[in-house]
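# coords below, sequence missing:
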């Protein structure tokens with residue numbers, strides 16, 4: 001089975017982007033969220049990247065847990 005990037009429907013705070021990225025890279029979701037917040041303070045690129053990812057990455061509705 002191939003590995004795909006999805007937004008998490010279970011481990012989400014806002015849109016599930018950080019939870020999905022953390023699951024894909026097998027990282028702690030808190031670390032990914034901290035990284036996203038740090039990027040927010042670097043010219044706002046974190047906010048723009050999060051919004052784009054929220055629109056582009058599909059939700060894991062068809063994924064079985």
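Perfect, I can see it now. Values in this document were obtained by computation on a predicted structure and should not be read as measured data. Residues are numbered from 1 along each chain as shown.
# from here on, contacts and neighbour counts on C-alpha atoms
Fine.
# how much space between the nearest residue to residue 21 once chain neighbours are set aside and residue 61?
With C-alpha to C-alpha, 6 or more residues apart in numbering as the criterion, residue 21 has its nearest non-adjacent residue at 6.8 Å, and that residue is residue 5. Residue 5 sits 12 Å away from residue 61, taking C-alpha to C-alpha, to the nearest Å as the criterion.
# try residue 45
From residue 45 to residue 61 the distance is 28 Å (C-alpha to C-alpha).
# between these two, tell me which one has more neighbours.
residue 45 (15 against 10; other C-alpha atoms under 10 Å).
# give me the pLDDT for the more buried one.
Predicted confidence (pLDDT) for residue 45: 79.
# tell me, how many residues neighbour the closest residue to it other than its chain neighbours?
Closest residue in space to residue 45, ignoring its immediate chain neighbours: residue 39 at 5.9 Å, by C-alpha to C-alpha, 6+ apart. For residue 39, the count of nearby residues is 17 (other C-alpha under 10 Å).
# what of residue 19?
24.
# now do the contacts for it.
Residue 19 is in contact with 7, 8, 11, 12, 29, 32, counting by C-alpha atoms under 8 Å, 6 or more residues apart in numbering.
# how about 7 Å then?
Residues in contact with residue 19 (C-alpha atoms under 7 Å, 6 or more residues apart in numbering) are 7, 8, 11, 12, 29.
# the last one and residue 57, how far apart?
Think residue 29. In terms of C-alpha to C-alpha, residue 29 sits 17 Å off from residue 57.
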